[in-house]
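[1] mind folding the following:
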Amino acid sequence: MPLKTGKYRLAAGLWCLAVAACVSAMDPPGYKTPYHETLASLNFPLLPMIHETDDLASLLRNDTSLAALADDRTARVIAAPECTEKPACLADAWLWTEADIATVDAALRRAVSQSQSARALVARQMRPSGRFARHEALSDEGLITAAWSDTVAGINNIISVYAKGQPPRYPLIDSMIFDPEDQGFAASLNAHGQVVASGMRDTDLVFDSSARFATGLLRMNERMDASNLRPVFGGTNAGAVRAVGTVDWEDYPYTAMLVFGHGPEDAQSRTGPMSYIRMARAVDLFERRLAPFIVVSGGNVHPDRTPFNEALEMRRILIEQHYIPAERILIEPHARHTTTNLRNSARLLFAAGFPADRPSLIVTDPMTAGYIGSERLMERTLDETGIVPGLVTSSDTPFAFEFIPHPAAFHVEALDPLDP
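    So this is what the prediction gives:
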């Protein structure tokens, strides 16, 4: 039976525990996320946006085709513990079929044509949020259905990778941590599914329980990287973000120096050798007053499930070994690849209030410089993130490149749940 929740919506349970908890997110200028940055909302931003739009949520909740679909999907989930091809069949019960997806797609199209609230959601939340920037040229109907397509692809991808053991894009660092053939895992997966099913609520929309199931899989696999160290501008970055507003930008040729982490392959090292080389170069340029800030970018990447965060370790080294003031260092602690170093740094520059029309400087090393300045990196970034997060051009500084960020960087990549 669905849990009775009175006035409390799913948004209060899955997306934000309280209005006061919905602290500032990593947003483009002029937009403020109305929900908390949770593991679920970071991966599936369309869903809390719908829940925050009361009239639209009510319209979808009362849609007869979606109600029938919800009943059908619930029946599959309830029957799953009796399936025979465990654990795969336990996961399959939660997957979205093409017919399921099409039913929601049609309902969203109807909503946009019938509901002013749906159109307002697109105009006032979806477009200015940047979370769906890859689809910005589409009509309102096209944008919301493209966002749904991304969302459900993300849910299915998480289930396929972290419940069924299918390889992710980067299997050495992003894979499922369990043996999918192990019956002990089958028991855990069965328990997870039953708990999620028992938590269904009378305020749920058709996609909510599957989003909970997928988010729970990330937690079971200890793949919560996307929500770690949030909010990005709280705590460690707070002093530096305040300092951004005090800078006379005419005093510097660049707004910031961007240093991308290099992960080690051994479990003892806190960061890789190229990180030290890049930091030394950035310190020299900082002392020459090329930029007033250093942005260090990198997550918990190498080796797989390392406890060491590249950005935090580089910040520590810059302070302890090079005596860079803490308020002149910003961390971007989530990127897992050079492609997302670029994208996430662009997000940070916009959200922290750096002037968008002035270049920052990517500071790298002789081994990596050829790749940073190549078309191959831009092609790979477009392929893996769906967007080009800015313009990289040569500079007069050795082993460095100018970078102008583009707001398309805020697009959420649904197939990269560890750093969407």
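
[2] now do the residue lying closest to residue 34 once chain neighbours are set aside, the pLDDT please.
    Take residue 34 and drop its neighbours on the chain: the residue closest to it by C-beta to C-beta, 6 or more residues apart in numbering is residue 52, 5.2 Å away. All C-beta spots, glycine's among them, are computed from the backbone N, C-alpha and C. Here the pLDDT value assigned to residue 52 is 95.

[3] with residue 246 instead?
    Model confidence at residue 246 (pLDDT) stands at 98.

[4] what's the answer for residue 34, then?
    94.

[5] quick one: contacts for it?
    Residue 34 makes contact with 22, 48-49, 52, 125 under the criterion C-beta atoms under 8 Å, 6 or more residues apart in numbering.

[6] got it, and residue 276?
    Taking C-beta under 8 Å, 6+ apart as the criterion, residue 276 is in contact with residue 317.

[7] which element is it on?
    Element membership for residue 276, per DSSP states H and E: helix 273-287.

[8] let me have the contacts of residue 34 in TSV, extended by secondary structure, neighbour count and distance to residue 321.
    Conversion of the contacts of residue 34 to TSV gives the following (DSSP: H, G, I helix; E, B strand; the rest coil; neighbours: other C-beta atoms under 10 Å; distance: C-beta to C-beta, whole Å):
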residue	secondary structure	neighbour count	distance to residue 321
22	coil	20	38
48	helix	25	42
49	helix	27	44
52	coil	18	45
125	helix	21	44
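
[9] could you break the protein into its assigned domains?
    In the domain annotation for the chain, the residue ranges read 10-227, 235-409 (automatic domain parsing).

[10] give the buried residues for the helix holding residue 276.
    Of the residues in helix 273-287, those buried under the neighbour-count criterion (16 or more other C-beta atoms under 10 Å) are 274-275, 277-279, 281-283, 285-286.

[11] for stretch 362-369, same thing?
    Residues of stretch 362-369 classed as buried by neighbour count (16+ other C-beta under 10 Å): 362-365, 368-369.

[12] residue 173 and residue 304 touch, don't they?
    Yes: because the distance of 5.0 Å satisfies C-beta atoms under 8 Å, residue 173 is recorded as touching residue 304.

[13] looking at these two, which one has more neighbours?
    Higher neighbour count among residue 173 and residue 304: residue 173, with 19 against 15, using other C-beta atoms under 10 Å.

[14] can you pull out the helices in the stretch 51-200 of the chain?
    Remark: helices of the stretch 51-200 of the chain, listed N- to C-terminal, are 54-61, 64-79, 88-92, 98-114, 116-121, 127-129, 140-162, 171-174, 183-198; assignment by DSSP state H, counting those that start in this stretch.
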